[in-house]
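A.B. asks: Sequence first, predicted coordinates after that:
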Amino acid sequence: MAEYSTSLRTQYLNPRTHIKNRQTEFRLDKHTMYQSNLRLINVGCKKAGGTGNYNNGGGVLSLFQNVRLMDGSRELSSLRHAPNYLGFKNINTTNEKAQNIHDALHGSRIAQVLDEDGVIHGRVEHNNGIAADTFDDTKLGYVDLRLVLPLLSDMVGLDTNVFKNLRLVIEYSNLNHFGSDDKTDALEVSEPVLVCDEVIGQKKAAAMRAAMKAPIIWSEIEHDLFQVPQGTQPAANLGEEQQEVNSVINGFDNKYVSRCLVVKTFTDKAHNYSGNNARGNGNLISAAQFKEELNVRHKGSNMFNGDALQNQGFKQMLLQETWGPVVVPPFAAMTQAGSDINSTQARNCNGAPLRSGVSGSKRAGNLVGQYDYIGFQIEDYVKQLQINYKRTCVKDSAPTGDNSVALDVHIYAEVRKQLSFQGDSYVISYV
């Protein structure tokens, strides 16, 4: 408290520009030292003609498509194709923190609770509702930008004597595909407010400027993807058709790569809906596929020996060893749980999240098969990565056909970068 009363002053900055549902830009004051703990408040949207619900998996995080921290036209740090990555980072925590912090601040419903009757469902204490198009701001969220821009976690401060035209640019996602659980909602993004702490104590500012002389090394999140085309279903019942895709990934060439995350989404963003309503977490998922295998070729050899990344238990263990705790409901990384037949009640799926999330439904819920994220670590200088991906298509009379539809496979990687200060200027380079 003493530090805030004598050395820091909190600023609340309104956007310099706000283009409806497309872009918001903030500009920070010149000749000012800021702490790097930038955060956004009043993050969210309004629905014309009534209320709605945010995507359960990401809440207000699902509204961001690209986020960039800029110095004039020069990019300091950015996150592109943000919804899929932030959907994962929202669950990349303990269930306790998801319940008490992430769901409360982001307007999501990812924390899982086992009820006395054996039913597993998402927490309902925190509101994930989209307000009507009124002056009600009670359903807007809060986002710590260090979750979005890792550079901010490693910086001592932001000195606008060095970064002379510091600005934050936010571009918004397709709101109906990512932001809402109803693809027909007419939504309008609210104007967020940027909250930053200005250093007004001269001694503290001088100490921060002295500390900023040391180079900053951080892991930037960069993105690439490859596509898996529509698979061929076998004509006969119980038949199988294996599909294999080999893809060269150039997005991380000549860079030092640390942790990687693979997110498998449907190419058709309207696919993961039942009518107009999203199934489970909608498009913020990583879809499990039948008899799936993945291998990564680096420096002329495969990273995973034997059956590659095929065993589901090993994949989940590797994911949590790489990225830390992840909130995954039971069976959510599997293609199915028990026997789930339209005309009868499900069988042999005790412990799975149920369809409606309450005890009245006995069918396995839509979260089954939506959490099959893949994580691994390279920790090496990459010349080129090659991905070998296989899945098996089976005959599926259901209209969804999840095991054979086309996929976009997103790859996010931590890429090592360095920011070096040279007096009142700086240089950004790959390590």
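C.D. replies: Sure thing, it's come through.
A.B. asks: quick one, domains of the protein?
C.D. replies: 2-214, 218-334+369-416 (automatic domain parsing).
A.B. asks: Same list, these, but as JSON lines with mean neighbour count, distance to Val431 and mean pLDDT please.
C.D. replies: Yep, even glycine has a C-beta here, placed from its N, CA and C like the rest. Output for these, formatted as JSON lines (neighbours: other CB atoms under 10 Å; distance: least, CB to CB, whole Å; pLDDT from 0 to 100):
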{"stretch": "domain 2-214", "mean neighbour count": "18", "distance to Val431": "13", "mean pLDDT": "90"}
{"stretch": "domain 218-334+369-416", "mean neighbour count": "17", "distance to Val431": "4", "mean pLDDT": "92"}
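A.B. asks: among those domains, which is nearest Gly423?
C.D. replies: When the domains of the chain are compared by CB to CB, domain 2-214 sits nearest Gly423, at 8.7 Å.
A.B. asks: The stretch 101-250 of the chain: helices as residue ranges?
C.D. replies: Using DSSP state H, counting those that start in this stretch, the helices of the stretch 101-250 of the chain run over residues 103-106, 151-154, 202-211.
A.B. asks: would you turn these into CSV with distance to Leu318?
C.D. replies: Listed next are these as CSV, based on distance: least, CB to CB, whole Å:
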stretch, distance to Leu318
helix 103-106, 26
helix 151-154, 24
helix 202-211, 37
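A.B. asks: what ranges do the strands span in the stretch 1-150 of the chain?
C.D. replies: 8-13, 17-19, 23-27, 33-34, 39-43, 45-47, 52-53, 64-71, 74-79, 112-114, 120-122, 129-132, 141-144 (DSSP state E, counting those that start in this stretch).
A.B. asks: Need these in a markdown table (columns: distance to Thr392).
C.D. replies: Listed next are the strands of the stretch 1-150 of the chain as a markdown table, based on distance: least, CB to CB, whole Å:
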| stretch | distance to Thr392 |
| --- | --- |
| strand 8-13 | 52 |
| strand 17-19 | 45 |
| strand 23-27 | 42 |
| strand 33-34 | 53 |
| strand 39-43 | 41 |
| strand 45-47 | 40 |
| strand 52-53 | 35 |
| strand 64-71 | 33 |
| strand 74-79 | 34 |
| strand 112-114 | 29 |
| strand 120-122 | 28 |
| strand 129-132 | 39 |
| strand 141-144 | 39 |
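A.B. asks: Is Phe352 part of a helix or strand, or is it coil?
C.D. replies: Phe isn't right for residue 352; it's Ala. Using DSSP: H, G, I helix; E, B strand; the rest coil, the structure places Ala352 in coil.
A.B. asks: Once you drop chain neighbours, what's closest to it?
C.D. replies: Residue nearest to Ala352 in three dimensions, not counting chain neighbours: Ala337, with 4.1 Å by CB to CB, 6 or more residues apart in numbering.
A.B. asks: can you count the residues close to the one you found?
C.D. replies: Ala337: 22 surrounding residues under other CB atoms under 10 Å.
A.B. asks: Tell me the pLDDT of it.
C.D. replies: In this prediction, Ala337 carries a pLDDT score of 76.
A.B. asks: Check this protein for its longest strand and report it.
C.D. replies: strand 407-422 (DSSP state E).
A.B. asks: That one vs helix 202-211, what angle?
C.D. replies: Strand 407-422 runs at 110 degrees relative to helix 202-211, counting by axes from the mean of the first three to the mean of the last three CA atoms, to 10 degrees.
A.B. asks: any idea how far whatever helix or strand comes next after strand 407-422 is from the chain center?
C.D. replies: Sequence order places strand 425-430 as the next helix or strand after strand 407-422, per DSSP states H and E. Relative to the centre of its chain, strand 425-430 is centred 27 Å away, using CA atoms, centre = their mean, to the nearest Å.
A.B. asks: elements contacting strand 425-430?
C.D. replies: strand 407-422 (3 or more CB pairs under 8 Å, 6 or more residues apart in numbering; DSSP states H and E).
A.B. asks: any idea how far Gly239 lies from Ile378?
C.D. replies: Separation of Gly239 from Ile378 (CB to CB, to the nearest Å) stands at 37 Å.
A.B. asks: again, but for Ser73
C.D. replies: Using CB to CB, one gets 31 Å for the distance from Ser73 to Ile378.
A.B. asks: Identify the residues contacting the closest residue in space to Lys20 that isn't next to it in sequence.
C.D. replies: Using CB to CB, 6+ apart and skipping the chain neighbours, the partner closest in space to Lys20 is Glu188 (6.4 Å). Shown in contact with Glu188 (CB atoms under 8 Å, 6 or more residues apart in numbering): 20-21, 45-46, 48, 133.
A.B. asks: sorry, back to before: turn the domains of the chain into CSV, including distance to Tyr426.
C.D. replies: What follows is those, written out as CSV (distance: least, CB to CB, whole Å):
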stretch, distance to Tyr426
domain 2-214, 6
domain 218-334+369-416, 14
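A.B. asks: So which of the ones you listed is nearest Ser425?
C.D. replies: Of all the domains of the chain, domain 2-214 comes closest under CB to CB, at 7.2 Å.
A.B. asks: Test of understanding: give the bridge partners of the residue nearest to Lys20.
C.D. replies: Lys46 (DSSP bridges).
A.B. asks: Can you pull up the most central residue in this protein?
C.D. replies: The residue lying closest to the centre of the chain (CA atoms, centre = their mean) is Leu86, at 1.8 Å.
A.B. asks: In the stretch 251-400 of the chain, what residue spans correspond to strands?
C.D. replies: Counting by DSSP E, counting those that start in this stretch, the strands of the stretch 251-400 of the chain are 255-266, 273-274, 277-278, 293-298, 301-302, 374-382, 385-394.
A.B. asks: Can you add distance to Leu194 and give these back as JSON lines?
C.D. replies: JSON lines is the format used below for the strands of the stretch 251-400 of the chain (distance: least, CB to CB, whole Å):
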{"stretch": "strand 255-266", "distance to Leu194": "27"}
{"stretch": "strand 273-274", "distance to Leu194": "34"}
{"stretch": "strand 277-278", "distance to Leu194": "30"}
{"stretch": "strand 293-298", "distance to Leu194": "38"}
{"stretch": "strand 301-302", "distance to Leu194": "45"}
{"stretch": "strand 374-382", "distance to Leu194": "31"}
{"stretch": "strand 385-394", "distance to Leu194": "36"}
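A.B. asks: out of these, nearest to Thr322?
C.D. replies: Per CB to CB, nearest to Thr322 of the strands of the stretch 251-400 of the chain: strand 374-382, 3.8 Å.
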